[in-house]
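1. Pasting a predicted model and its sequence here:
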Amino acid sequence: MKTKLLAVSLALFLMSSCASIIHGPTQTVDFTSQPTGATITIDGKEYGKTPQAIELRRKGREKGDKSDKQMYDVKVALDGYYPYELKIKREMDGWFLGNILFGGLIGIIVDASNGAMYKLTPDQIIAQMNKSTAMNYSDEDKIYFAVTLEADPSWMKIGQLNKVD
């Protein structure tokens, strides 16, 4: 009788927390860029160059971080190109609903506490880097500048060319 009870308890424990069993509290996000070799920065921390697969916590924050942050701020940058910026968001994963059938309250608590109840989207980032047409360069007493048809909104306007009739 004790063996049977132990087997049933073990089976219930193993079937609990569906999302934790299926994929765990972390998720691999693939980063690529065209051209390759761009620097990947997530929440202000550099993670290397593209192409690369990076393991991120599904909760949207690093282990031990007590903030209520629910997304990652991503920047892919390469000299001579506009930076590619986006947010990786967390959404509820369908496997979490398996706890209603199998895991019960224990599964819900486990998946919620370790973040396995979430999935990160997008899980694949392909940064199409656009060439930057503006440049600045100075050499002693000379200043060189370039003109662009599309100004970046973060640039400071210092002058404007006017058409002369």
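-> Sure thing, it's come through. Numbers count the residues shown, from 1 in each chain.

2. Leaving out the residues flanking it, which one is nearest to Thr26?
-> Computed as CB to CB, 6 or more residues apart in numbering, the closest residue to Thr26 that is not its neighbour in sequence is Glu55, at 5.0 Å. Heads up, the C-betas are built off the backbone N, CA and C, glycines and all.

3. Confirm for me that that neighbour is in contact with Thr28.
-> Yes - counting by CB atoms under 8 Å, Thr28 is a contact partner of Glu55 at 5.6 Å.

4. who's more crowded, those two?
-> Thr28 (12 against 9; other CB atoms under 10 Å).

5. In contact with the more buried one, which residues are there?
-> Contact partners of Thr28, counting by CB atoms under 8 Å, 6 or more residues apart in numbering, are 53-56, 123.

6. same thing but at 6 Å, please
-> Listed by CB atoms under 6 Å, 6 or more residues apart in numbering, the contact set of Thr28 reads 53, 55.

7. Which helix or strand contains it?
-> strand 26-34 (DSSP states H and E).

8. Pull out the buried positions in that strand.
-> Counting neighbours by 16 or more other CB atoms under 10 Å, one finds that the buried residues in strand 26-34 are 26-27, 29, 31-33.

9. Next: stretch 83-91.
-> Result for stretch 83-91 [16+ other CB under 10 Å]: buried residues 83-84, 88, 90.

10. With Ile158 as the reference, measure out to the residue nearest to Thr26.
-> 44 Å (CB to CB, to the nearest Å).

11. do Met92 as well
-> 48 Å.

12. next one: Tyr82
-> 20 Å.

13. Name the residue in those two with the higher neighbour count.
-> Shown here are Tyr82 and Ile158; by other CB under 10 Å, Tyr82 has more neighbours (15 against 6).

14. Would you mind listing where this structure has pLDDT under the threshold?
-> 1-2, 4-24, 60-68, 93-117, 133-139, 143-149 (pLDDT under 70).

15. now the helices: where do they sit in it?
-> 2-15, 18-22, 98, 104-114 (DSSP state H).

16. send the alpha carbons of stretch 151-160 over as CSV?
-> The C-alpha trace of stretch 151-160 is given here as CSV (Å, rounded to 0.1, in the frame of the first residue of the first chain):
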residue,chain,number,x,y,z
ALA,A,151,17.5,62.8,-40.3
ASP,A,152,17.6,60.7,-37.2
PRO,A,153,15.2,62.3,-34.7
SER,A,154,17.8,62.1,-31.9
TRP,A,155,20.2,64.3,-33.8
MET,A,156,20.6,68.0,-32.8
LYS,A,157,19.9,70.4,-35.7
ILE,A,158,22.7,72.9,-36.1
GLY,A,159,21.9,74.3,-39.5
GLN,A,160,20.0,74.0,-42.7
